[in-house]
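Novice: what shape does this take:
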Amino acid sequence: MATASTDQLRMPVVKHLYQNHVLDSSRWNFLPLREDDIIVATSYKAGTTWMQAIVGNLIFSGQELPAPLSELSPFLEFRMVPLELVLAGLERQRNRRFIKTHLPLDGFPFDPRLKYVYVGRDARDVFMSFWNHYRTFTDETMQLINLIPGRVGGPLPPCPEGVHELWRNWITRGWFEWETEGYPWWSNLHNVQSWWDYNHLENILFVHYADLLADLEAEVRRIARFLEIEVPDRAWQVIVRNCSFAEMKAKGEWFAPNGGVPFKGGAQSFFHKGTNGRWRDILSADELRLYDAAASRELTPPCRTWLEQGGRF
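Specialist: Below is the predicted model:
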């Protein structure tokens, strides 16, 4: 009689409580899950909104989404929105739900009934997107993040004036004591590895940002198969068009978090470039050695290869 391997029996467990200026992972303990829920997960700035748009378009067969994306697919551990409002909004949904998280897999309860889609991106590209994201926060956004009651730990510091100062901090310091990079947000590399450690589980799909750029339709079809969503033939062209960067940027207020209000320049600032490789003209050889040290420390070789190169498996 066949027996399960050690890998097949290994399941994620909660090891850390993530609470800071943005996150409160304990909020996941209050969500009544449905067995067909979908969780869209990334560290951050790795294609989260893009994947939410893809999943939403698959669920609704390319028709206009019934609500703005951040309302339809809430960022559950985000402290800025009262938990009662988030839970009530999710309870009202009669469609198949898809919920966003930026938590490592060691930070919230894993449910084997659910489908999880994890999106990865080269850390150097994540950083360039994070730089744009952070430096375009309005003063009002910074005040809200830091002054809303319940913050654990120190305030989010202002974004440095220079990209190089932010890089040095981001790649060499952690916010939480068990992290070694990601400051002043939270870890990127540790986050990826925490999910990669469970790539043997059949209910987690790994999707790479570079593969979405290279062949969007093929990746959308792969995601649909994983989620077991049957899409009418007539809807495919509309879905792929709806999920293009140009189309999402054109409808930025509908797709950007909170309609783009947190950012100077609004939604158009949030949808900045959607490209990879900009770090090559910014980061020096010495700065890239800091990345190499962090990646060697935090990532297993197979995880690092996937994160830097992409590819389906």
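Novice: show me where this protein has its strands.
Specialist: Counting by DSSP state E, the chain forms strands over residues 38-41, 98-101, 115-120, 204-208, given from the N-terminal end onward.
Novice: which one of those lies nearest to residue 238?
Specialist: Evaluated over these, closeness to residue 238 peaks at strand 98-101, with 18.6 Å, by Cβ to Cβ. Placement of C-beta: from N, CA and C, glycine included.
Novice: what lies in contact with the closest one?
Specialist: The contact list for strand 98-101 (Cβ atoms under 8 Å, 6 or more residues apart in numbering) reads 28, 31, 37-41, 48, 52, 55-56, 59, 72-77, 90, 108.
Novice: go with 7 Å
Specialist: Residues external to strand 98-101 that are found in contact with it (Cβ atoms under 7 Å, 6 or more residues apart in numbering): 37-41, 48, 52, 55-56, 59, 73-77, 108.
Novice: from the residues you listed, which is closest to residue 283?
Specialist: Distances from residue 283 to these, taken as Cβ to Cβ, are shortest for residue 48 (23.1 Å).
Novice: burial measure for the closest one, as a count.
Specialist: Burial measure for residue 48: 21 neighbouring residues, criterion other Cβ atoms under 10 Å.
Novice: how about residues contacting stretch 193-210?
Specialist: Residues from elsewhere that reach stretch 193-210, judged by Cβ under 7 Å, 6+ apart: 7-8, 12, 41, 46-47, 51, 104-106, 112, 114-121, 219, 223, 226, 276, 298-300, 303, 306, 310-311.
Novice: quick one: distance of that stretch to the chain centre.
Specialist: For stretch 193-210, the distance from its own C-alpha centre to the chain's C-alpha centre is 13 Å (Cα atoms, centre = their mean, to the nearest Å).
Novice: between the two ends of that stretch, how far is it?
Specialist: Using Cα to Cα, to the nearest Å, the end-to-end distance of stretch 193-210 comes out at 18 Å.
Novice: in it, which residues are buried?
Specialist: Buried positions in stretch 193-210, judged by neighbour count with 16 or more other Cβ atoms under 10 Å: 193-198, 201, 204-210.
Novice: and for stretch 46-62?
Specialist: Neighbour-count burial for stretch 46-62 flags 46-60, 62 (criterion: 16+ other Cβ under 10 Å).
Novice: and stretch 219-226, by the same measure?
Specialist: By neighbour count on 16+ other Cβ under 10 Å, the buried set for stretch 219-226 is 219-221, 223-224, 226.
Novice: show me what contacts the residue most central in space within the chain?
Specialist: Taking Cα atoms, centre = their mean, the centroid of the chain lies closest to residue 42, which sits 2.7 Å from it. Residues counted as contacts of residue 42 (Cβ under 7 Å, 6+ apart) are 48, 102, 118-119.
Novice: and it, what's its pLDDT?
Specialist: pLDDT, the model's per-residue confidence, is 97 for residue 42.
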